[in-house]
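Enquirer: give me a 3D structure for the following:
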Amino acid sequence: MNTNDTQSSDRFQQLFEQLNDAVVEFALVDDEPIVRDVNCTFVTIFGYDAEEAIGEPLNELIVPSSEQAEAENFDQRTADGESNAAVVRRATVDGNRTFVYRGVAYAEDCGFAIYSDITEEMQRERYLDVLQRVVRHNLRNDLNIVLGVADTILERTDDSQITAAATTIKQTAEGLARLSEEAKIVDSVLGEQTTVEPTPLRPIVKTVLTEYQQQFETATISVNLPADLSVAADKRLYTLLRSLVDNALVHNDAPTPKVNIRVTTAASEVQLEVLDNGPGIPDAEQAIVLGAAEITPLNHGSGLGLWLVKWITDSYGAEVEIETSDSGSLVRVRLDRTDSPPS
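Expert: Numbers count the residues shown, from 1 in each chain. Okay, here's the model as predicted:
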């Protein structure tokens, strides 16, 4: 072995040993993985040192009986020269745990199995999912009761102080209900896989326009939109635009709320803009959403609508900008222009 080969081998061995993931080098014997070497993390997680593991069938060491069929399928793919990637359960010194498993074949009938422990992350996701569902369900039901009681008070009293108190209760409950609904939308939308493709703008704008004209009858909503224009997006573009228009109207305290949906184009870019005549988006909230300021318990923004716009825009690889003046706000989303999809 020459000097370069020796140095490469040493570097690989150092990487092999220092990885925080458990790694096994194996050889396929009659399509069964037999351990050739293990790294230190494998020893810590699975409890077998190199002397115990080398020469033994890998599946017998770490695969629970209920997962044997799955493991054998992975072995066959490795024997066919294919790689593997999956979330699996494996037996460790701390009981069965969940891993991201990646199997990589090399040379002939040899390969590496890499195990990244994600047990805590999976448990945390499940706990948060249960928490979100319970909180949203209970919050929605309790807020319906609060809103019903507030309406009853308003219908039955002529006392100005009681009316003012009941109005505050109702407005606060409506705000919480809106926030709960936004959280539900965020959960469903961000859980979807992003598949960016040519997406026509006009049908989405028309749908949002019709929806909010019916919901806000006293508002003036106008549109400036070129025909037959498509952008790199997906169906979540409807949610993005809906969030922008909703934010422009719900928080608008003008006697006649006005919103203009405006689209301008360049050779490779489309600027989707929503302008309003409301009080403006506070600088502090802009800084948080756009990433210029840290999120703290006392500094986190007032709602989820703009966050949703930012998250969807980021998933497209696009940009969002916010401008505020005495006359209102402008939120601009820069999207890649595409050819129209085939009809």
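Enquirer: now the nearest residue to residue 204 once chain neighbours are set aside: how far from residue 36?
Expert: Among residues not flanking residue 204 along the chain, residue 238 sits closest, at 5.0 Å (C-beta to C-beta, 6 or more residues apart in numbering). No exception for glycine: its C-beta is placed from N, CA and C like everyone else's. Distance of residue 238 to residue 36, computed by C-beta to C-beta, to the nearest Å: 53 Å.
Enquirer: export stretch 141-150 to PDB, keeping only CA atoms.
Expert: The C-alpha coordinates for stretch 141-150 follow below in PDB (Å, rounded to 0.1, in the frame of the first residue of the first chain):
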ATOM      1  CA  ASN A 141     -65.200  24.400  22.200                       C
ATOM      2  CA  ASP A 142     -64.600  26.700  25.100                       C
ATOM      3  CA  LEU A 143     -64.400  29.800  22.900                       C
ATOM      4  CA  ASN A 144     -67.700  28.900  21.300                       C
ATOM      5  CA  ILE A 145     -69.200  29.000  24.800                       C
ATOM      6  CA  VAL A 146     -67.600  32.300  25.600                       C
ATOM      7  CA  LEU A 147     -68.800  33.800  22.300                       C
ATOM      8  CA  GLY A 148     -72.300  32.500  23.000                       C
ATOM      9  CA  VAL A 149     -72.400  34.000  26.500                       C
ATOM     10  CA  ALA A 150     -71.000  37.300  25.200                       C
END
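Enquirer: show me what counts as buried in that stretch.
Expert: 143, 146, 147, 150 (16 or more other C-beta atoms under 10 Å).
Enquirer: those in helices, which ones?
Expert: Applying DSSP state H to the buried residues of stretch 141-150, the entries found in helices are 143, 146, 147, 150.
Enquirer: can you add distance to residue 228 and pLDDT and give the residues you listed back as a markdown table?
Expert: Converted to a markdown table, those look like this (distance: C-beta to C-beta, whole Å; pLDDT from 0 to 100):
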| residue | distance to residue 228 | pLDDT |
| --- | --- | --- |
| 143 | 43 | 84 |
| 146 | 48 | 89 |
| 147 | 44 | 89 |
| 150 | 48 | 91 |
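Enquirer: redo these as TSV? Include distance to residue 249.
Expert: Below are those laid out as TSV (distance: C-beta to C-beta, whole Å):
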residue	distance to residue 249
143	21
146	23
147	20
150	22
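Enquirer: does residue 51 belong to a helix, a strand or coil?
Expert: Following DSSP: H, G, I helix; E, B strand; the rest coil, residue 51 is assigned to helix.
Enquirer: ignore what I typed, I meant residue 82.
Expert: With three-state DSSP as the basis, residue 82 sits in coil.
Enquirer: is it true that it touches residue 111?
Expert: No - under the criterion of C-beta atoms under 8 Å, residue 82 makes no contact with residue 111, lying 10.2 Å away.
Enquirer: could you say what helices and strands the host helix or strand of the residue nearest to residue 204 packs with?
Expert: Taking DSSP states H and E as the criterion, residue 238 maps to helix 237-250. Under the contact criterion of 3 or more C-beta pairs under 8 Å, 6 or more residues apart in numbering; DSSP states H and E, helix 237-250 touches helix 160-190, helix 202-215, strand 258-265, strand 269-276, helix 305-315, strand 328-338.
Enquirer: mind putting those in CSV, mean pLDDT included?
Expert: Listed next are the helices and strands packed on helix 237-250 as CSV, based on pLDDT from 0 to 100:
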stretch, mean pLDDT
helix 160-190, 81
helix 202-215, 92
strand 258-265, 91
strand 269-276, 92
helix 305-315, 83
strand 328-338, 90
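Enquirer: just to revisit the earlier point, shared neighbours, residue 82 and residue 111?
Expert: residue 105 (C-beta atoms under 8 Å, 6 or more residues apart in numbering).
Enquirer: for those two, indicate the residue with more neighbours.
Expert: A count of neighbours by other C-beta atoms under 10 Å puts residue 111 above the other of residue 82 and residue 111, at 23 against 12.
Enquirer: now residue 223: how far from residue 206?
Expert: 8 Å.
Enquirer: no no, residue 107
Expert: Counting by C-beta to C-beta, the gap from residue 107 to residue 206 is 59 Å.
Enquirer: between those two, which one's more packed in?
Expert: residue 206 (12 against 7).
Enquirer: neighbours of residue 59, how many?
Expert: By other C-beta under 10 Å, the residues close to residue 59 number 19.
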